[in-house]
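>>> Sharing a sequence plus its predicted fold:
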Amino acid sequence: MRSTLRSSLPDMSRPAKIYDLAVLQTTNKKLPDDADRQHLERHLAREEFEKLFGMSPIEFYKLPEWKRINLKRKHKLF
């Protein structure tokens with residue numbers, strides 16, 4: 001169970017490069033090479049993240065995985 005939880009969370013030990021939402025949305029066929037495809041939300045500026053999800057990244061990652069997935073799908077970040 002513990003390994004599943006770890007794999008569902010991004011590696012926060014390194015800062016992620018920031019991209020605009022339009023670049024990260026999965027309707028964009030060509031994502032940046034250095035984008036973490038499992039955690040595209042990590043590449044959003046904090047202000048854009050909070051505006052999009054209505055919460056801070058800390059609050060977001062406290063949600064159950066299924067809720068995070070649904071929110072990411074809603075905004076095409078999956």
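That came through fine.

>>> Which residue lies nearest the spatial centre of this structure?
residue 41 (2.1 Å; C-alpha atoms, centre = their mean).

>>> can you pull the contacts of the residue nearest to that residue when sequence neighbours are not counted?
In space, and not counting its chain neighbours, residue 41 is closest to residue 77: 5.3 Å by C-beta to C-beta, 6 or more residues apart in numbering. Bear in mind the C-beta positions are built from the backbone N, C-alpha and C, glycine included. With contacts defined as C-beta atoms under 8 Å, 6 or more residues apart in numbering, the neighbours of residue 77 are 24-26, 40-41.

>>> sorry, back to before: how about the residue nearest to the centre of the chain, what does it touch?
So residue 41 contacts 24, 49, 53, 57, 60, 72, 77 (C-beta under 8 Å, 6+ apart).

>>> In helices only, show me those.
In this view, the contacts of residue 41 that belong to helices under DSSP state H are 24, 49, 53, 57, 60, 72.

>>> buried residues in stretch 60-78?
Buried residues in stretch 60-78, counted by 16 or more other C-beta atoms under 10 Å: 60-61, 68, 71-72, 75, 77-78.

>>> Out of those, which comes closest to residue 19?
residue 77 (10.8 Å; C-beta to C-beta).
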